[in-house]
Structure formats: structure tokens, C-alpha cells
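S.K.: Got a sequence here, can you model it:
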Amino acid sequence: MANQYPSAEPDTSSVPTEASDEERMRALIEVISAYIEYYHGGAVDIVSYEDDQLTVHMSGACVGCDLAPVTLHGWVEGTVKQFFPDLKSVIAV
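M.R.: Numbers count the residues shown, from 1 in each chain. You can find the predicted model right below:
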């Protein structure tokens, strides 16, 4: 299998810029999840995005992993805030 992610950062060039915030958020979470799955065997799915709060569900290798909070707040929240700077919080359910 060819490496889709040759760098340490996910390729977000496919995230649409001319779409609703929710569509852009869903596309961004899909890219982040593919990156996490490829490198770590985990996944993240959007549950909701409203009032500048993102709720996600973490699965796969993220379940029970001691580093899941780092993945959630470092990778997911850190990447999302680059595109949605008004984001107030990211929580996992």
C-alpha cells in the first residue's frame, strides 16, 4: 500500500472551501480520521458541530489508549482550529 501521508501532517487540500461550515468540518474530520487510522489504527467521527463546539467519537486503537487525549486535543483540535479559529471546544463522547 502506498503511503498517502508522506509528511507528519494530514493533507487537507481536499477540504472544500466553498461549502457550509458543517460540510467543511465533516470533510476535515474525514481527512484527520484517515490519517489517524493509517498511522495509529484509531479513528475519529463527527457526532455534531454546533455553537462552535465539536463533538466527536473516537474508536479503534484510540479506545482505552492513554494518549487518546493527546490525539483529541493535539491532532484533532489543533488541526481543526487552523480552519475554524472560533472553535471553543472539542469533546469526545
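S.K.: Isn't Gly87 up against Glu77?
M.R.: If you look again at residue 87, you'll see it is Leu, not Gly. Yes: contact criterion C-beta atoms under 8 Å: Leu87 and Glu77 qualify, at 7.4 Å. Yep, even glycine has a C-beta here, placed from its N, CA and C like the rest.
S.K.: Now do the shared contacts for the two.
M.R.: Contact criterion C-beta atoms under 8 Å, 6 or more residues apart in numbering; residues shared by Leu87 and Glu77: Leu54.
S.K.: wait, what's in contact with Val76?
M.R.: Residues in contact with Val76 (C-beta under 8 Å, 6+ apart) are Ile29, Ile32, Val44, Val56, Val90.
S.K.: Apologies, that question was intended for Glu22.
M.R.: Tyr49.
S.K.: what about it, distance to Leu54?
M.R.: To Leu54, Glu22 is 10 Å away according to C-beta to C-beta, to the nearest Å.
S.K.: Strands of the chain, start to end?
M.R.: 42-50, 53-60, 89-92 (DSSP state E).
S.K.: Tabulate those strands (CSV), appending mean neighbour count and distance to Pro69.
M.R.: Shown next, in CSV, are these (neighbours: other C-beta atoms under 10 Å; distance: least, C-beta to C-beta, whole Å):
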stretch, mean neighbour count, distance to Pro69
strand 42-50, 17, 13
strand 53-60, 17, 10
strand 89-92, 15, 8
